[in-house]
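**Q** Need a 3D model of the following:
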Amino acid sequence: MISSPTRPHVRLIAATAVAAVTSLGLASSASGDDGSASLGLTAEVIDRGHIATEPNTSFAEAGTLADGTPVLYISGSGEPASFTVVNAETGELISGAEVAPKIIGGPIQPLPDGSAYFGLRSGSGIIIYHWDAETHEITEAVENPVGERLVRELQLGDDGLLYGSTYPNTKVFSYDPATGEVRDYGSIVDEQDGDTYAEGFSVHDGTAYVGTGMQNGNLVAVDLDSGEISTMEVPAEYDHISRFYRSQQVGDLIAMAFSPGISGGTNTLFWDTAAQDWACDGAIGTFVNLNNPYTESTEDGRFYYKASNEIWEFDTTDCSVTPTGWIDTDLAGTGNHRALSLVTTGEGSAAEHALLGLNRDGSFWRFDPETGEQAYFESQVSGSRLTAHSIHVGPDDRVYMGYYLSPSLLGRFDPTTEEIEAISGPSQADSWATFEGDILTGSYANAVVHRGDPTAEWDWDTNPSQQFRLISEGQDRIIEMATDGALVAMATVSDYGVRGGALTLTDMDERRDTYRDLVDAQSTASVTFGPDGLVYAGTSIRGGLSSQNSPLDAHLVVFDPDAGEVVEALVPVPDNDVVSGLTVVGNSIWGVTNTGILFEYDITAGEVVERLELGTGASSSPWGLASTIQAHPTDGLLYGISGSDVFAFDPHSHQVQILAEDGYKRMDIAPDGTIYALGETNLYEIAIERAPECTTTIDGRHDGPLAISDEVLCVTGGSVHGSITLSEGATLIAQDAQLAGPVHSTNATVVEIVGSTVSGPVTITGTSERTVLSDNQIRGPLSCSDNASAPTDLGSPNVISGPQTGQCSDL
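**A** Residues are numbered from 1 along each chain as shown. Next up is the predicted model:
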């Protein structure tokens, strides 16, 4: 059967699909067909490869093998995570392995025989592994102990048991290596307390001393035999503490790092386990650095810590601190220092001590605090694929990418050279904007804003240079930035343990105003400027990590930047936790939610006039980073990500089309309309084209030959029992078709055969635009030559029974 004209059933490239948008039935519903008709787009998805493969290390501990060799154990992050053991004297590799499926390094506990336990985690939880010093074999010990997703600390007790502390239920547990038995000591704080992290953790003489966070900063002692929990009262002048984040036993003392510190003073407390009282008050008179600030203890009661760009020795005999002279070395310039360990060789009076410092790239240094002798060792940690986190098309048309907890790197893709390069950057770039020809970058932690000229030499902290930090306003993450050319609006999330978030408005010069909690206890997750000069912001019910969620649904907030006040706040979609993306179309604000729903807010009417379900599924991103909606610069459509799918949406007809399915989490649109999207580790370039109008459509049976020129032949689920000949100007789009063959094309415009069977030879020569042969059965020879672009199978190979030659030899 032949009908003419109509539109093709478009086979969208890269597993694309047509989706129906379901109207959720507002009383005032926008006009348009909410049916399943396609937008008639094709999307060519090009995988530009891994955005970066680099060592990325933050956790290290020192130990000694059975033969006396001092070693450094290193836990690395990436996809997958890794575990590496190096000789601490020579820097030589002893053992190194990628350890799937986890992606983030974690705590390490060396054992007396030189083996070690270590934890690796991901969003789904943690696995504790055992590395055997003799065989170098890595085996799984326990997954998600006591049902917890995260283990903050591991420590070996004198009884040979492995002890740990957890998040989010502030538990203490033990693991028996001999039997595999896990003991759950339960949560160490009341259920109503609010603290979720048990992370300051030290086991000494049968007692676990545990500090919690992020709100109330509790200290408890757990009797590891009876399980009895007793509260430790801190001195009155330290009542403000909200978090104890690390502990270290040294002699009879337990050093405890806390936050926030005493302004102009200390952030370390000492508990005397023998006297059962506080000791050495203010002995460490400055804030200690590093997430794990204290080294292991020497046998005579000393440890080392880093503060004020120096490494210091603390002595329990008189609570004294002494500089080691590390500040006078050049070791600080070897990299981004992440961990400090102490390795001891020999015993008694023959014992020798050396400090080991791990850098973010896996390199490390060795420093003798007695002699000042030093050495630097290149990284032996194998690079893993870094996790993609943010993306922005800069004013120079290059694509800038941030990584999740990276070794201080950014990625930059040049569309001209089609190459990705690594450039210096922050640990984690969360958000971007272009302002006055410069690039603005918002990074975690402390909500830091940098500004730089992309056309000048790139050198992080110089160009771009730091402009300000919003941690002074209690903000830790900048989720999104938008600009109207005069002001920059920044949507932010509060610090750890702090509810809510803020909106910051700045002209990057004299004005910088931060407005906390546009909606009570909610953070700001998305932002845009409306045509009326007002700011429109979407909220998340989640504030800083480990803070209590808002009981309200996520809101759309209308904010007056001149008056500095909220004009209106409303719930655009009930039962939704994040308004994760906003964009302007005419006199409307379109938004997308974490729950996969589009909504339209009419600025004039001041109300939501449409809600449409995309059918993509929901996103679990706490602040909506994995969902977005953006206006295309030329075609009048909206593009976005929802439920890991890339979609296109017509705001007038309400038609939607899924362009690429599964595995996408960030995107931006270049001025030429090219979409750049991030998967977990890769960059994808998505070129959008509208399918040509079908002049002839076959969806049934056709008998006889077809000769096509200057026409568009669409065979959608039909069959052609005869030859097909394409000449100059012709287009063939065949999907789920049965073609008897032969198919012969010379100088056609487009040839696209997908999911079809061709019972005869196929010859394609001189196609001026694209040639797609994907997921077909071709029962005959296949020959392709002189086509403008190489034919592609889009990752779905064909089954071909005849010889393949020319450009189609690998399809």
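**Q** Can you check what pLDDT the model gives the residue of the chain most remote from its centre?
**A** In the chain, the greatest distance from the average C-alpha position (C-alpha atoms, centre = their mean) is reached by Gly704, at 55.7 Å. Model confidence at Gly704, given as pLDDT, is 95.
**Q** which residue sits closest to it, ignoring its sequence neighbours?
**A** Gly722 (4.5 Å; C-beta to C-beta, 6 or more residues apart in numbering). The C-beta positions use only the backbone N, C-alpha and C, and glycine is treated the same way.
**Q** wait, what's in contact with that neighbour?
**A** By C-beta atoms under 8 Å, 6 or more residues apart in numbering, the contact set of Gly722 is His702, Asp703, Gly704, Pro705, Leu706, Ala740.
**Q** Can you get me a residue count around the second one?
**A** What it means is Asp703. Residues lying near Asp703 (other C-beta atoms under 10 Å) number 9.
**Q** Return the backbone torsion pair for it.
**A** Note on Asp703: backbone dihedrals following degrees, to the nearest 10 are phi -110, psi 130.
**Q** mind starting the numbering at 93 from now?
**A** Right, with 93 as the first residue, what we last looked at is Asp795.
**Q** Leaving out the residues flanking it, which one is nearest to it?
**A** Closest to Asp795 by C-beta to C-beta, 6+ apart is His813, at 4.9 Å.
**Q** okay but that neighbour is in contact with His794, surely?
**A** Yes - His813 sits in contact with His794 when judged by C-beta atoms under 8 Å, with a separation of 6.8 Å.
**Q** Check what pLDDT the residue nearest to Gly796 gets.
**A** As predicted, Gly814 sits at a pLDDT of 96.
**Q** same check, this time on Ser881
**A** pLDDT for Ser881: 88.
**Q** how far away is it from Val842?
**A** 11 Å (C-beta to C-beta, to the nearest Å).
**Q** Which one's more surrounded, the two?
**A** Per other C-beta under 10 Å, whichever of Ser881 and Val842 has more neighbours is Val842, with 21 against 13.
**Q** Can you pull the domain assignment for the chain?
**A** Domains of the chain are assigned by automatic domain parsing as 103-132+569-755, 478-561, 784-898.
**Q** Now do the longest one: distance to the chain's middle.
**A** Looking back up the chat, that one is domain 103-132+569-755. Centroid separation between domain 103-132+569-755 and its chain, computed with C-alpha atoms, centre = their mean, to the nearest Å, is 20 Å.
**Q** Tell me, how many residues neighbour Ser801?
**A** 13.
**Q** So it sits against Glu820, correct?
**A** Yes - Ser801 is in contact with Glu820 according to C-beta under 8 Å; the separation is 6.2 Å.
**Q** so where do the helices sit in the stretch 643-792 of the chain?
**A** Here the stretch 643-792 of the chain has no helices by DSSP state H, counting those that start in this stretch.
**Q** And Gly898, how close does it get to Gly852?
**A** Gly898 sits 18 Å away from Gly852, going by C-beta to C-beta.
**Q** and if you look at Thr258?
**A** Note on Thr258: its distance to Gly852, by C-beta to C-beta, is 65 Å.
**Q** neighbour-wise, which of those two wins?
**A** Comparing Thr258 with Gly852 by other C-beta under 10 Å, the one with more neighbours is Thr258, at 28 against 17.
**Q** Secondary structure of that one: a helix, I assume?
**A** No - assessed with DSSP: H, G, I helix; E, B strand; the rest coil, Thr258 is strand; it does not lie in a helix.
**Q** hmm, back to that, which of His813 and His794 has more neighbours?
**A** Taking neighbours as other C-beta under 10 Å, His813 and His794 compare with His794 leading, 19 against 14.
**Q** Specify the beta-bridge partners of that one.
**A** His794 has these beta-bridge partners by DSSP bridges: Val812.
**Q** That one and Ser811 touch, don't they?
**A** Yes - counting by C-beta under 8 Å, Ser811 is a contact partner of His794 at 6.9 Å.
**Q** Show me whatever sits in contact with both of these two.
**A** Joint contacts of His794 and Ser811 (C-beta under 8 Å, 6+ apart) do not exist.
**Q** For Ser535, see how far away Val541 is.
**A** Distance, Val541 to Ser535, using C-beta to C-beta: 8 Å.
**Q** Mutual contacts of the two, please.
**A** Contact criterion C-beta under 8 Å, 6+ apart; residues shared by Val541 and Ser535: Ile570.
**Q** can you give me the helices in the stretch 443-592 of the chain?
**A** Going by DSSP H, counting those that start in this stretch, the stretch 443-592 of the chain shows no helices.
**Q** low pLDDT regions in it?
**A** Judged by pLDDT under 70, the stretch 443-592 of the chain has no weakly predicted residues.
**Q** With the chain instead?
**A** Along the chain, segments meeting pLDDT under 70 span 93-130.
**Q** Quick check: Ser174 touching Phe151?
**A** No - between Ser174 and Phe151 there is no contact, the gap being 11.0 Å when judged by C-beta under 8 Å.
**Q** what is in contact with these two at once?
**A** Residues touching both Ser174 and Phe151 (C-beta under 8 Å, 6+ apart) are Ser167, Gly197.
**Q** pretty sure Gly197 contacts Ser150?
**A** Yes - look at Gly197 against Ser150 with C-beta under 8 Å: they come within range, at 6.0 Å.
**Q** got any residues that touch both of those two?
**A** The contact sets of Gly197 and Ser150 overlap at Ser167, Ser169 (C-beta under 8 Å, 6+ apart).
**Q** what ranges do the strands span in the stretch 193-342 of the chain?
**A** Taking DSSP state E, counting those that start in this stretch, the strands of the stretch 193-342 of the chain run over residues 196-202, 208-214, 217-223, 230-235, 242-248, 254-259, 263-267, 274-279, 289-296, 299-305, 311-315, 321-323, 335-342.
**Q** Take the ones you listed and lay them out in TSV including distance to Ser389.
**A** Below are the strands of the stretch 193-342 of the chain laid out as TSV (distance: least, C-beta to C-beta, whole Å):
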stretch	distance to Ser389
strand 196-202	14
strand 208-214	18
strand 217-223	23
strand 230-235	26
strand 242-248	13
strand 254-259	17
strand 263-267	21
strand 274-279	24
strand 289-296	10
strand 299-305	14
strand 311-315	19
strand 321-323	24
strand 335-342	4
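**Q** closest one to Ser711 among the ones you listed?
**A** strand 208-214 (16.8 Å; C-beta to C-beta).
**Q** helices or strands up against that closest one?
**A** Contacts defined by 3 or more C-beta pairs under 8 Å, 6 or more residues apart in numbering; DSSP states H and E place strand 208-214 against strand 149-156, strand 162-168, strand 173-179, strand 196-202, strand 217-223, strand 242-248.
**Q** and the third one, which strands flank it?
**A** What that stands for is strand 173-179. With DSSP bridges as the test, strand 173-179 pairs up with strand 162-168 (antiparallel), strand 185-191 (antiparallel).
**Q** Ok, the last one next?
**A** Here the strand partners of strand 242-248, with direction, are listed using DSSP bridges: strand 254-259 (antiparallel).
**Q** could I get the strand it pairs with in PDB with only the CA atoms?
**A** What follows is strand 254-259, C-alpha atoms only, in PDB (Å, rounded to 0.1, in the frame of the first residue of the first chain):
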ATOM      1  CA  LEU A 254      38.200  -5.200  63.200                       C
ATOM      2  CA  TYR A 255      36.000  -2.400  64.500                       C
ATOM      3  CA  GLY A 256      34.300   0.300  62.500                       C
ATOM      4  CA  SER A 257      31.900   3.300  62.700                       C
ATOM      5  CA  THR A 258      29.200   4.100  60.200                       C
ATOM      6  CA  TYR A 259      26.800   6.500  58.400                       C
END
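**Q** got the angle for it vs strand 289-296?
**A** Computed by axes from the mean of the first three to the mean of the last three C-alpha atoms, to 10 degrees, the angle separating strand 254-259 from strand 289-296 equals 160 degrees.
**Q** quick one: strand 254-259 to chain centroid distance?
**A** 25 Å.
**Q** List the buried residues in that strand.
**A** Leu254, Tyr255, Gly256, Ser257, Thr258, Tyr259 (16 or more other C-beta atoms under 10 Å).
**Q** That concludes my questions; thank you for your assistance.
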